[in-house]
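[1] how would this look folded up:
(one chain, ligands or ions: 1)
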Amino acid sequence: MSDIAADASSSRTHADVRNTTLFLKRWLANPLQMGSVIPSSPALCSRIAALVRRAEDEVVVELGAGTGVISRALLAAGVPPKNLVVVEIVRDMADHLRTALPGVNVIQGDAFELPRALPRELHGKVGTVICGIPLVLLPLEQQKRFVDAVEAVAPGKGFLLYTYCITSPLPYRKLGLTAKREAWTPLNLPPASVWRYQPQR
Ligand SMILES: C[S@@+](CC[C@H](N)C(=O)[O-])C[C@H]1O[C@@H](n2cnc3c(N)ncnc32)[C@H](O)[C@@H]1O
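    Numbers count the residues shown, from 1 in each chain. Alright, predicted model coming up:
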């Protein structure tokens, strides 16, 4: 292994450990808000990245970016940093994301207040919304609030949601959505699916 490769792999390992430690700390502080003990696996991140749809002038909005593992997969899949917006409610994590993701628009804010959190000029300019927030644990009216918040900034687009549930984590008909499971991977702890929800026409 060259020195450069060795450096790259050792710093990646260091970053992975830091990511997992930060994640675990937040999980201990607020397990319901985190929804998972460890960050998403590379296999899940690349499946999510492959499902992104975006015109050249549109942004991808990732809600609940955590330590940024999915954000990095989106960048690796070709989303330019200036076209990626990540929203994270926990200040420590948002600070970490600002350092870890140069050029990316990191917003420390609440995804349920997306119309206020997302800059006005990006409303209607969103290609794909990706949600990492554990919506399955929330009551229907909160889920509806989330759906409405996304619809306000990305009309008709819906969102991708990754989940450990075997069936749809959302009661999509009650929420006025269509649902399609577009990916599944056993290479995540636990195995995970990616669902695409869109408003019913
Ligand atoms: C399951 S973790 C996903 C983290 C990362 N995307 C991954 O795949 O490893 C959920 C993340 O959503 C964040 N979160 C929870 N509620 C939120 C909200 N209302 N608005 C923004 N972020 C939120 C949590 O702080 C946490 O970082």
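[2] CA only for contacts and neighbour counts going forward, please
    Will do.
[3] what does the protein have sitting close to the ligand?
    Neighbours of the ligand within the chain, by Cα under 6 Å from any ligand atom: 33-36, 39-40, 63-67, 69-70, 87-90, 109-112, 132-133.
[4] so of those, which ones are in strands?
    63, 87-88 (DSSP state E).
[5] And the strands in this protein?
    So, for the chain - with DSSP E - the strands run 59-63, 84-88, 105-108, 126-131, 159-163, 177-185, 192-199.
[6] Can you lay out these as JSON lines showing mean pLDDT and mean neighbour count?
    Output for the strands of the chain, formatted as JSON lines (pLDDT from 0 to 100; neighbours: other Cα atoms under 10 Å):
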{"stretch": "strand 59-63", "mean pLDDT": "98", "mean neighbour count": "25"}
{"stretch": "strand 84-88", "mean pLDDT": "98", "mean neighbour count": "24"}
{"stretch": "strand 105-108", "mean pLDDT": "98", "mean neighbour count": "20"}
{"stretch": "strand 126-131", "mean pLDDT": "98", "mean neighbour count": "23"}
{"stretch": "strand 159-163", "mean pLDDT": "97", "mean neighbour count": "24"}
{"stretch": "strand 177-185", "mean pLDDT": "97", "mean neighbour count": "16"}
{"stretch": "strand 192-199", "mean pLDDT": "97", "mean neighbour count": "22"}
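[7] ok, residues contacting stretch 105-114?
    Here stretch 105-114 makes contact (Cα atoms under 8 Å, 6 or more residues apart in numbering) with 63-64, 81-82, 84-91, 94, 97-98, 117-118, 145-146, 149-150, 153.
[8] Next, the distance between the ends of it.
    Its first and final residues considered, stretch 105-114 spans 14 Å by Cα to Cα, to the nearest Å.
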